[in-house]
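# how would this look folded up:
(chains A, B and C)
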Amino acid sequence: MIKRFIQNAGWPRIIIALFLLALFIAAPFVGVRVDTSLSNTLVRFGMNGVMVLAMIPMVQAGCGLNFGLPLGIIAGLLGATLSIEWNTEILAWLSGLGTQYKISWLNDIFVTAWREPLGFASAIIIAIPIAAILGWFYGKLLNRVKGDEMMIATYVGFSSVSFMCIAWLLLPYKHPTMVWGYAGKGLRTTISVEGYWLHVLSDSLALNIKTDDIHLYIPTGMLIFFAVMAVLVWIFMRTKTGTAMTAVGSNPEFARASGVNVDRMRTISVMLSTILGAIGIIVYEQSFGFIQLYMGPFYMALPAVASILLGGASVNKAGILNVIVGTFLFQGILTMTPSVINSYLQTDMSEVIRLIVSNGMILYALTRKVRAGR
Amino acid sequence: MIRKLFDKIANNAVPAVFIIISAFAIPLSGYSASYLVQELLTRIGRNSFLILSLLIPIMAGMGLNFGMVLGAMAGQIGLLFICDWGIVGIPGMVLACLIGTPIAIVLGIFCGYIMNRAKGREMVTGYILGFFINGVYQMTVLYLMGWIIPITSPTLLLSRGYGVRNAVSLLGIRGILDNLIPTIITGTKDAGQFLSINGAKSFMMIQLPFIEGSIRVPLATLIVIALFCVFIMWFRRTKLGQDMRAIGQSQSVADSAGIPVNRTRIIAIVISTVLACYGQIIYLQNMGTLNTYNSHDQAGMFSIAALLIGGASVSRATIANVFAGVILFHLMFIVAPVAGKNLIGDAQIGEYFRVFVSYGIIAIALVLHAWRRNREREAARRSLRGNKGGE
Amino acid sequence: MSENNTPLLRLDHIGKEFYGNRVLSDISFDINAGEIIGLVGENGAGKSTLLNILFGMPVISSTGGHEGALFVDGKKVNFTSPNQALAQGIGMVHQEFSLIPGFTATENILLNREVLNGSSLSYLFSDRVSTLNREEMNARASAAINTLGVNINPDMIVSEMPVGYKQFIEIAREIDRKNTRLLFLDEPTAVLAESEAEILITALKKLARSGIAIVFISHRLSEVKELCSRILVLRDGKLITDQPAESLSARQIASLMVGRESEKKVDLQKLPEEPEDIESENASDSLTQQKKKKKIRPALKVEHLWVDMPGETVRDVSFEVMKGEIFGIGGLAGHGKLGIPNGIMGLYPAGGRVRLFGRSLTLNKPRKALGRKMAFVSEDRRGVGLLLDEPLDWNITFTAMQTQGRFLLGIPYIFQMRNEHAMRKEARKYIDSLNIKCTGPSQLAGELSGGNQQKVCLAKAFVLRPNILLICEPTRGIDIGAKSLVLDTLKEYNRENGTTIIITSSELEELRSVCNRVAIVDEGKIAGILPASSPAEDFGMLMMGQTHQEEGEESA
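Next up, the predicted model:
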């Protein structure tokens, strides 16, 4: 029984889970509060969850791990920056609608109460079509290079990020909070979302208990948003298309013989992955408080890839549970190692541990024997 | 016929595009010819060895060895030790190589073993392996050195007593190989001026009529690189080289002919890793400073990009590709920021442009390779069809 | 010759069982120097197992070794790897080329046997750091090529050679081994044009005169007869004949290969001429029957079909299948019988014309074929037939879900979710009716045994409620009990639903026991279509390409 469990979960996962457990147990002894750590873990879970979710469609459709996540992130960044650039116009247009149809309370809502959520929603709404278009091209590309998806995805991600570096400098953004003050053009490296949609999800319905004994903060809104996204993905994977997609990933020949258009399914999966990546980064930013441009998204794929693998996914099978478990474990380690180990060793080993854990996990998944018959 | 022509163009398209870009960018940059030649010579000396280390795995069909950063890390560890021991000059470099070699061999064997377990995705595995070993390297250098590993020099260690500083000066070996045989090329009319400034020390001086100013030639480094090219040419003619070519084309046939496939693949990676270790040492002796935590990071990416720009592909690379690549890639590296500044008024754009080009070129090379391979597979299948299939 | 007394190779009561499945029994024969032996037999007669034993392939030792003993030069040997056989001078030329495409002829002939320049470094490391001696290598390669009596430039790159040359390079590679004394050739002429085959035969005769013994495995009986001095016929793992070639006619060989004296199975099919019988079981009235007979139209009409399926190329095939008929397609492996159903279903590039109940079918689109209520059971169960990592209910219902929109909830084209309840119910139905041994509909398909996996594949096809069912190799790789169950299921399904069934199988007996008519495919073409009750040797002749050629001459 135990043997079977170990076999199913794989040694690396168990070691990492035990390591995390040990960190939580050790925390009180080195003066780190478990409740704050847990709160931090939850916040990071909510921030990163959707981006990890973005791995599912591509893995399930047999396109491998989405190392090209930065492409989706770029779409998200465009959505985020444009939502700020056009914030006034969007709100004005909406309240204009209110005036036009003589619904005065609508006006109030748009101008005041719902300002921030609407900004956030507009970021997502702008990002989705951009992500869909980018994902479509990206999917077409990946269909032509079957077998080498992962490496190419990595470099598609890298080159698109560096291409956008040029674009961020040249695009005609005007909004004063976003462009360099002295030059009046070119976007800044980090842009604060304060006053636009800072913590719109995190703080809504948030549970904030701060007594002498307990410091607990649960970003309920963000967790609910993640749950909604997860349920949507879950439902999608159970639709006719989602079923076909899973079959394509499981055995493309079977799917083809069953009349499924394999390339189309793969393209759809890549588009979905890209869209989820775009939404994921916006969720991340609203909690983090800043939009990170330029080289910011560069290595963002690796933690997401590592998370889902840590959760028990393989290169061609992944589910919602893998996302939840994996993100929690991975973010747990990222939160706990700095606090616990730092207090113990007085140094920050988190970066090193992050490198070893995440890449070790990916290596483990890559070197596992591909199942016979394929 | 048309396809052959297409293939020919596709094979050389990348270098051609770069020549065109350079042709536009060089005048825009406003650099003098002798400045460019000087810079290029320096960079050829600095980078060629690293790039050459990529050739052997390509021959063995293992693609671009993204795992070469492992060798670079081994070289850096060697350098850290000689800095600590205060050994300078050529003996220092040799010792650094001697220390780096066993580490590179162990890492190479590990890398080869992992890649044998991930056949068909060697590149992405090597790439991730680079990150993984980077984590181990950082742990070693940042925590173990000065604590378990005996490093004592206070110039190396962080003030807390263990862990190596972010920037380590390599003054002891700086330029030591480059200047081993001091050589200068000067213009005839500038020769006198040069001598009056520098004195008639033991320079090997070549005077050419059409040169303005003076150019330092890292002759010894170039000789080492030339020797290494000879090594590669020799290696291609050995039985081992022949076996690697065979494995590169068909692992199953090579295996059935009795060639030890996995072992040979590991040897290919070990050679590449060890050479990358030496390459990094040569690179750093030219730079003169070691960024403990970053120097190796870019070594792999820039070397691979340069090789591809030189017209190599994932499955085929020659020595000529290496030098063409070094020249074209670094030409762009030198001129792009200035050209960007002069053109758009922003040096940053040129900076980003060259980063974009490095990544983009790798992406395009990988896509072309996969695409061509899939097309060839299809063509091979079609050729199996009987005579009837024509209509 | 002095060695005549001790044979080069002696096989003494060789036998082999795979997991209780006997594939070879009691094979004994000698091979003498300079002799050319023809080894013939149907697919599955045990040829490849025999070769595997002779060359010490790991597949033999890993499945419990073999019975009997091998003697080389009178000494008992026990090979555990092909290299040991090679060391004894026993070489093999495989059916698939094992050449490196980008290498020259020389490099391929001397692969891993390169001539090396001595080097002091080789003492320090190994021979592998010595450089190659190209001149010497070219000389040796030329010598080997010349032995064959062909003219090939040793510097030519293999990928640029015509197919025939590649075969010569393969043989030259074996000749170049200094000690090669015995050479096995597996279907060496299959890829050759007639003129090339002639050159090869001449070359082989020349080789034999130099003292090398040759075992020639081929289905082209005319070539076997022309080349070989002795002919061995294998059937069902037994050595049926070991006779001088002159004493056997091609027809005799064919009948020995396929002929089974027990003709009692043949009486199973009674309806070769009146296939419509089957569906009108209730209408036993002879008048209605006659009416129906007039109306009868072919369910499937195939004209000039070609299919580009690797290893199973179909060149030009035409045939008709009547409604309610069970139609068999037989022939040797690699001759294209599997290409026909795969091509009709659109799984491989195909051309020609296929008409289904009079209406033409779009080729190259699996969805179109499925949409016309055809169902397909692939020969490649694990590769194409099943989703090994998914549960049984997925496997059974997936195709119907995707092509017929069943097992779904919701509004078509807008939002449809899979109906897991219905899926499980359907799966359970077939698990019961086909007696699939499993823990339930949610067990993964990969965990079942071969026979049960095949039943899942059948269930998948039945769920589609097909008008025409195409089945490839229904009994490959499953045990005897499951075999008859699968075949009975097919017959029953045909009887109950009047479904037209096309079975493609390598096992002729199986086809003859189930089908009404059987077509034999040879080299991508139909060699002939016979009622299943025809004598087995007639089928054998068709398979050997004999009648086909003769017929061709007659009609010309």
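
# List the buried residues of the longest helix seen in chain C.
Criterion DSSP state H: the longest helix present in chain C is helix C:480-497. Buried residues in helix C:480-497, counted by 16 or more other C-beta atoms under 10 Å in any protein chain shown: C:482-483, C:485-487, C:489-491, C:493-494, C:497. The C-beta positions use only the backbone N, C-alpha and C, and glycine is treated the same way.

# Helix, strand or coil: sort out B:Y31 for me.
Each residue gets one of three states, and B:Y31 gets coil by DSSP: H, G, I helix; E, B strand; the rest coil.

# Count the residues that sit near the closest residue to it other than its chain neighbours.
Of all residues not flanking B:Y31 in the chain, B:V335 sits nearest, at 6.6 Å (C-beta to C-beta, 6 or more residues apart in numbering or on different chains). A total of 25 residues lie near B:V335 under the criterion other C-beta atoms under 10 Å in any protein chain shown.

# One more: B:A226?
11.

# Give me the contact list for the longest helix of chain C.
C:21, C:278, C:281, C:324, C:326, C:434-435, C:450-452, C:454-455, C:458, C:462, C:469, C:471, C:474-475, C:478, C:499-501, C:503, C:510, C:513-514 (C-beta atoms under 8 Å, 6 or more residues apart in numbering or on different chains).

# Each with direction, which strands does the next helix or strand after it pair with?
For helix C:480-497, the following helix or strand on the C-terminal side (DSSP states H and E) is strand C:500-504. Strand C:500-504 sits in its sheet next to strand C:326-331 (parallel), strand C:468-472 (parallel), going by DSSP bridges.

# Now do the helix or strand following strand C:500-504: distance to the chain's middle.
Once strand C:500-504 ends, the next helix or strand along the chain (criterion: DSSP H and E) is helix C:508-514. How far helix C:508-514 lies from its chain's middle: 16 Å, per C-alpha atoms, centre = their mean, to the nearest Å.

# Which strands and helices lie in contact with helix C:508-514?
strand C:326-331, helix C:480-497, strand C:500-504, strand C:517-522, helix C:536-543 (3 or more C-beta pairs under 8 Å, 6 or more residues apart in numbering or on different chains; DSSP states H and E).

# Tell me which residues are up against that helix.
So helix C:508-514 is contacted by C:42, C:258, C:260, C:265-266, C:268-269, C:326, C:328-330, C:474-475, C:483, C:487, C:490-491, C:503, C:505, C:518, C:532-533, C:536, C:539-540, C:543 (C-beta under 8 Å, 6+ apart).

# switch to 6 Å and redo it
Contact with helix C:508-514 is made by C:258, C:265, C:268, C:326, C:328, C:330, C:487, C:505, C:518, C:532, C:539, as judged by C-beta atoms under 6 Å, 6 or more residues apart in numbering or on different chains.

# Kindly report the same for stretch C:142-159.
C:99, C:101, C:103-106, C:108-109, C:138, C:141, C:165, C:168, C:172, C:175-176, C:203, C:206.

# which among those residues end up buried?
For the contacts of stretch C:142-159, buried by 16+ other C-beta under 10 Å: C:99, C:101, C:103-106, C:108-109, C:138, C:141, C:165, C:168, C:172, C:175-176, C:203.

# quick one: which helix or strand includes the residue nearest the centre of chain C?
Central residue of chain C (C-alpha atoms, centre = their mean): C:A333, 2.4 Å from the mean position. C:A333 is part of no helix or strand, with elements assigned from DSSP H and E.

# Quick check: B:I58 touching B:I319?
No. Taking contacts as C-beta atoms under 6 Å, B:I58 lies outside contact range of B:I319: 11.8 Å.

# What is the distance between the host helix or strand of C:F168 and the centre of its chain?
Using DSSP H and E, C:F168 maps to helix C:163-176. Centroid displacement of helix C:163-176 relative to its chain, using C-alpha atoms, centre = their mean, is 23 Å.

# Just the buried positions in stretch C:137-150, please.
Result for stretch C:137-150 [16+ other C-beta under 10 Å]: buried residues C:137-138, C:140-142, C:144-145, C:147-148, C:150.
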